[in-house]
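[1] how would this look folded up:
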Amino acid sequence: MPKFMDVHHGMTGLTPEKFNEAHQADLAIQSEEGVTFERAWADTESGDVFCLSDAPSAGAVQRIHERAGHKADEIHPLTLSV
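    Numbers count the residues shown, from 1 in each chain. Presented below is the predicted three-dimensional model:
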């Protein structure tokens, strides 16, 4: 299954609780699109959030994020790893 890194900009004011809530919202519905979110990171100063997932497509990732209430600003396929 392809891997994707998506980026959300402007998620300012994140606390650990809010960040976990947003991630849990994705996890609660991810299977409906065949997505598996593996991990998420946040830079609380910039408000940038990064999510790593396995998914059938970038569109599937975006649909989950949109339904969870936080559309991704960028989605990048990860075609190589070391």
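
[2] Is the residue positioned nearest the centre of the chain in a helix, a strand, or coil?
    Residue closest to the average C-alpha location in the chain (CA atoms, centre = their mean): Cys51, at 3.7 Å. Here Cys51 is recorded as strand under DSSP: H, G, I helix; E, B strand; the rest coil.

[3] Likewise for the one 10 residues further on?
    On the three-state scheme (three-state DSSP), Val61 is labelled helix.

[4] I'd say the residue nearest to the centre of the chain and Ala40 touch.
    Yes - judged on CB atoms under 8 Å, Cys51 makes contact with Ala40 at a distance of 4.6 Å. Any C-beta I mention is one placed from the backbone N, CA and C, and that applies to glycine too.

[5] shared neighbours of those two, which are they?
    With contacts defined as CB atoms under 8 Å, 6 or more residues apart in numbering, the residues adjacent to both Cys51 and Ala40 are His23.

[6] re earlier: name whatever forms a beta bridge with the residue nearest to the centre of the chain.
    Judged by DSSP bridges, the bridge partners of Cys51 are Asp6, Ala40.

[7] List the contacts of it.
    With the criterion set at CB under 8 Å, 6+ apart, Cys51 makes contact with Met5, Asp6, His8, His23, Asp26, Phe37, Arg39, Ala40, Val61, His65, Ala72.

[8] same question, Arg39
    Cys51, Leu52.

[9] just the one 5 residues further on next, same as before
    For Thr44, the contacting residues are Leu14, taking CB under 8 Å, 6+ apart as the criterion.

[10] The closest residue to Glu74 other than its chain neighbours: neighbouring residues, count only.
    Excluding its sequence neighbours, the residue lying closest to Glu74 (CB to CB, 6 or more residues apart in numbering) is Val7, at 4.2 Å. Val7 sits with 13 neighbouring residues when counted by other CB atoms under 10 Å.

[11] Ala42 too?
    Using other CB under 10 Å: Ala42 sits among 20 other residues.

[12] likewise the one 3 residues further on?
    Each residue near Glu45 was counted by other CB under 10 Å, and the total is 7.

[13] Much appreciated, bye for now.
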